[in-house]
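**Student:** sequence plus predicted model, see below.
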Amino acid sequence: MKKIIFAVLISVSIIYSQVDISGGMGINFVSSPSLKDYINGNYNQGGEKLNAFSSSVEFFGEITYSLNSNFELGVDYGLSIFSYNSSSGNGGIYDLNYTMQKPTLVAYYVIPGEGYKFKFGGGAGIRMIDLDEKIIVEQNYSSTGYGFLARAEGHTKLGGDVYAYVGTDLRYDMPGKPENDNGKLAENSSYDVNLNTFSWGIKLGVSLFL
């Protein structure tokens, strides 16, 4: 019985020694042409046009498992938050806010070293939008699609199993056209509005190598 328990403990130790957990936050520079045309064509009376690239905040968490010293598989979860508001004419205010959830299956090529680790790779996953738009009254819309991720990240040892995380990524996300029970976002507009986006982001955080 003692031999069995010892073998189990050794196996668990081996498994956990191959797991990396990372988390943190960052900023994305996002291009969403359809949304930009919709807002600038209808709600820019205050002169606050939506630029070709806008910023959004992102929180992320990632867990990866080492298949060998140079290859890892895992799951990344990102939550992007975007907000825009301007005058809509006649003293009114226009507000649009959305969150995009971005769970992604990822694969990395790894370059390990003493006190550091570099990873290069990417993956694909589901994209889920939750959007609130307020013109006179507030309405909520949602949609689900998919997206792709390419990423480079570096980990530098701070002490023990704790590492500083710095990463950069490119994304192309296609969550589709937000809608609710009353119809699609801007259904009566001349714009066929979707939330497809291209983005570049910078991330900072902490990693734990177990």
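**Tutor:** Here it is on my side, so go on. Residues are numbered from 1 along each chain as shown.
**Student:** got the contact list for residue 35?
**Tutor:** Residues counted as contacts of residue 35 (CB atoms under 8 Å, 6 or more residues apart in numbering) are 50, 193, 194, 195. For glycine as for every other residue, the C-beta is placed from the backbone atoms N, C-alpha and C.
**Student:** so it, which of the three states?
**Tutor:** Assigned with DSSP: H, G, I helix; E, B strand; the rest coil, residue 35 falls in the helix class.
**Student:** coming back round to it: closest one of the contacts of residue 35 to residue 22?
**Tutor:** Relative to residue 22, the closest of the contacts of residue 35 is residue 195; by CB to CB it sits at 26.4 Å.
**Student:** how much space separates the closest residue to that closest one other than its chain neighbours from residue 127?
**Tutor:** Nearest residue to residue 195, sequence neighbours excluded (CB to CB, 6 or more residues apart in numbering): residue 175, at 4.9 Å. Computed as CB to CB, to the nearest Å, the residue 175 to residue 127 distance reads 4 Å.
**Student:** shared neighbours, those two?
**Tutor:** In contact with both residue 175 and residue 127: 100, 144, 145, 146, 147, using CB under 8 Å, 6+ apart.
**Student:** just the pLDDT for the closest residue to the first one other than its chain neighbours.
**Tutor:** Across the structure, with CB to CB, 6+ apart as the measure, the residue nearest residue 100 apart from its sequence neighbours is residue 80 (4.5 Å). Turning to residue 80, the model gives it a pLDDT of 96.
**Student:** same check on residue 88?
**Tutor:** Note for residue 88: predicted pLDDT of 60.
**Student:** next: the one 10 residues further on.
**Tutor:** If you check residue 98, the pLDDT there is 95.
**Student:** same question for residue 52.
**Tutor:** In this model, residue 52 is scored at 82, pLDDT.
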